[in-house]
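[1] Structure here, sequence nowhere to be found:
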């Protein structure tokens, strides 16, 4: 019995390649919109760079230096050309290369995402399955109530509550910054509250999606066949109902992770977590255009990659998608 | 004579719904002799599928079997614990369904679904023994190149192949009774004939009994030794297949036979039964067939007629049976 069927590598690789090609126009759109957004912000980066006491000539000089006097399409062209060479520019605020700043923040953000999903996805799936199996019971109502509540609590509110009670009042866990890598005790302690916050808001949608999907599969005829074979209820639910329900659940989780990236920005800000999200907020607030654009690129790339992974998982989970 | 393999006594399965109590199976007595085929015929909605699910104790909620006994070799299945019942399902009684397209799990390979059933009923076997047994089972239902099919998924098989896989799965543990719920309805006519032939051969080999549920009288004529005609949750008529086709007693059976097209008779148009099966929460007073019955008289509207013996071994639930009498009375009047 092979619980995980071998994949047909060739079709799989072609599939991945096609998906990668499709990300090119998407990335172009991201870059264009990110670039244009920075143009409509009513602050002039040259003034920011020059400081409050600078003369008009100095501002003009800086503007020329940054290429801001060129027409927009030329600016965008230059920007793209540099980007292709791996040059995301230099921070207007502190003259550090954007790539360097980003390099230091991607790790902590990945850590946070991983730690959040690591506990929330299994719990969400378990809750959803329990609710679907005992549909209409007290348990089901409890899960549904929890989903509604969890779905309505804003990330920042949950974060602030955890900071106030767990971090400040009871002083159980630290609530600012990153204590170290994940394999150290301090790393675990410091990531606990941000991961609880970000994961906490993710349980509700996962549970809700799982409940719907499992309910639908439980009514399917092949589930009746499984019961007629004499399988135990746990085998019916795990190997037949939940296994099939995972196909839509994985897709929806992938879509929700985009939303979770937004949550990561808030969570990182609330907990001073040194990730891409906090960097983005800081860059936008200080009109640091190159830095802001860099963070947008990284977050968008993250989103595209997650979708790619979901696509691959989808094919792995559903033999009908593997083509003939 | 050996006692019957399965006896159903006073079986009653109901659904509590917002529109009222639905009596899907309403006091049914039937028996299935060893090694024989009992055909259960009726229109859709007459309760024949619920009857089969009641035997398996797989009635979906909010349905519940509230009364009666299902005796398999003398043992009442309704009294068994859940674990004991699981051993019966797929062990002593197996079931195949109408839709081979949706009755197999699309995400598991054929082999996995076959071995899963075997693993439950013979947990001692290791993976390679299970695989050998599964391939043998596929061979038995005449699936070509079974070794390759073992690793394939349901969507890679044709409808007929899938039904063969279902049969292989059902027969894997050598059940005493096979319940086939419209096993050929979704298949092409030529494939239908193949599947029926296969079932007959397998029955001859194993000596199992079959309950064949269908709305197709042609299938019944070809397969069944005995027939029960169901109408609105009750048995309307019971007889051997030959008796039923030669000398039908219940007006409903007459109507069903009248709506079968025949090549050897010239007939202007097919007889159709007017109306449809009443919804089970709104059965009419008296005989449930009376609003559609051309022979209905006042007493038919007053009381539910019991199943009674018309000739030896032939029962009908109709106060006007035998219908010849009714017909002659009518022409006299």
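    Thanks, I have it. As the structure is a computational prediction, the values presented were derived from the model and not from experiment. Numbering: from 1, shown residues only, chains lettered A, B, ... in the order given.
[2] Can you name the residues that contact the residue nearest to residue A:68 when sequence neighbours are not counted?
    Excluding the flanking residues, the one nearest residue A:68 by CB to CB, 6 or more residues apart in numbering or on different chains is residue A:46, at 5.9 Å. Any C-beta I mention is one placed from the backbone N, CA and C, and that applies to glycine too. Residue A:46 is in contact with A:59-60, A:62-63, A:66, A:68, counting by CB atoms under 8 Å, 6 or more residues apart in numbering or on different chains.
[3] What distance separates the opening and closing residues of stretch A:59-72?
    End-to-end distance for stretch A:59-72, by CA to CA, to the nearest Å: 19 Å.
[4] any residues touching that stretch, and which ones?
    Counting by CB under 8 Å, 6+ apart, residues outside stretch A:59-72 touching it are A:39, A:44-47, A:49-50, A:54, A:74-75, A:78, A:92.
[5] How about the helix or strand hosting residue A:190 and chain B, any contact?
    Using DSSP states H and E, residue A:190 maps to helix A:185-218. No - Helix A:185-218 is not in contact with chain B by CB under 8 Å from any CB of the partner chain; minimum separation 9.3 Å.
[6] Can you name every helix or strand that the following helix or strand past that helix contacts?
    Going down the chain from helix A:185-218, the next helix or strand is helix A:221-228, by DSSP H and E. Where contact means 3 or more CB pairs under 8 Å, 6 or more residues apart in numbering or on different chains; DSSP states H and E, helix A:221-228 is packed against strand B:93-96, helix B:100-103.
[7] Kindly confirm my reading that residue B:107 is in a helix.
    No - in this structure, residue B:107 is coil, not part of a helix, as judged by DSSP: H, G, I helix; E, B strand; the rest coil.
[8] State the helix or strand in which the nearest residue to it once chain neighbours are set aside lies.
    Leaving aside its chain neighbours, residue B:107 sits nearest to residue A:244 (5.5 Å; criterion: CB to CB, 6+ apart). Per DSSP H and E: residue A:244 is located in helix A:243-270.
[9] quick check: mean pLDDT across the helix or strand following that helix?
    Heading C-terminal from helix A:243-270, the first helix or strand you meet, by DSSP H and E, is helix A:276-285. Here helix A:276-285 scores 91 as its mean pLDDT.
[10] any idea how far helix A:276-285 is from the chain center?
    Relative to the centre of its chain, helix A:276-285 is centred 15 Å away, using CA atoms, centre = their mean, to the nearest Å.
[11] okay, the angle between it and helix A:243-270?
    Between helix A:276-285 and helix A:243-270, the angle comes out at 50 degrees (axes from the mean of the first three to the mean of the last three CA atoms, to 10 degrees).
[12] Helix A:276-285 packs against which elements?
    Packed next to helix A:276-285, using 3+ CB pairs under 8 Å, 6+ apart, are helix A:98-133, helix A:243-270, helix A:289-317.
[13] Could you list the buried residues of that helix?
    The neighbour-count check on helix A:276-285 (16 or more other CB atoms under 10 Å in any protein chain shown) flags A:276-284 as buried.
[14] picking that back up, just checking, which of the contacts of stretch A:59-72 belong to helices?
    Counting by DSSP state H, these place A:39, A:45-47, A:49-50, A:74-75, A:78 in helices.
[15] ok, which pair from those is furthest apart?
    Pairwise distances among those were taken by CB to CB; the largest, 22.2 Å, belongs to A:50 and A:74.
[16] Which one of the two is surrounded by more residues?
    residue A:50 (19 against 11; other CB atoms under 10 Å in any protein chain shown).
[17] Out of the helices and strands packed on helix A:276-285, flag the one nearest residue A:169.
    Once these are compared by CB to CB, helix A:243-270 is nearest, at 16.6 Å.
[18] Give me the neighbour count for residue B:190.
    Residue B:190: 9 neighbours (other CB under 10 Å).
[19] Sticking with it, tell me its helix or strand.
    Per DSSP H and E: residue B:190 is located in helix B:189-206.
[20] need the next SSE after that helix, C-terminal direction.
    Following helix B:189-206 toward the C-terminus (DSSP H and E): strand B:209-214.
[21] Output the contacting helices and strands for the next helix or strand after that next one.
    Next along the chain after strand B:209-214, taking DSSP H and E as the criterion, comes helix B:217-223. Helix B:217-223 makes packing contacts with strand B:37-41, helix B:189-206, strand B:209-214, helix B:241-246 when contacts are defined by 3+ CB pairs under 8 Å, 6+ apart.
[22] Kindly calculate the angle that the third one makes with helix B:189-206.
    Taking the same axes, to 10 degrees, strand B:209-214 and helix B:189-206 form an angle of 160 degrees between their directions.
[23] Let me see the residues that make contact with strand B:209-214.
    For strand B:209-214, using CB under 8 Å, 6+ apart, the contacting residues are B:5-6, B:32-41, B:48-49, B:51-52, B:55, B:176-185, B:199, B:203, B:219-220, B:223-224.
[24] got the angle for the helix holding residue A:244 vs helix A:221-228?
    Going by the same axes, to 10 degrees, helix A:243-270 makes 110 degrees with helix A:221-228.
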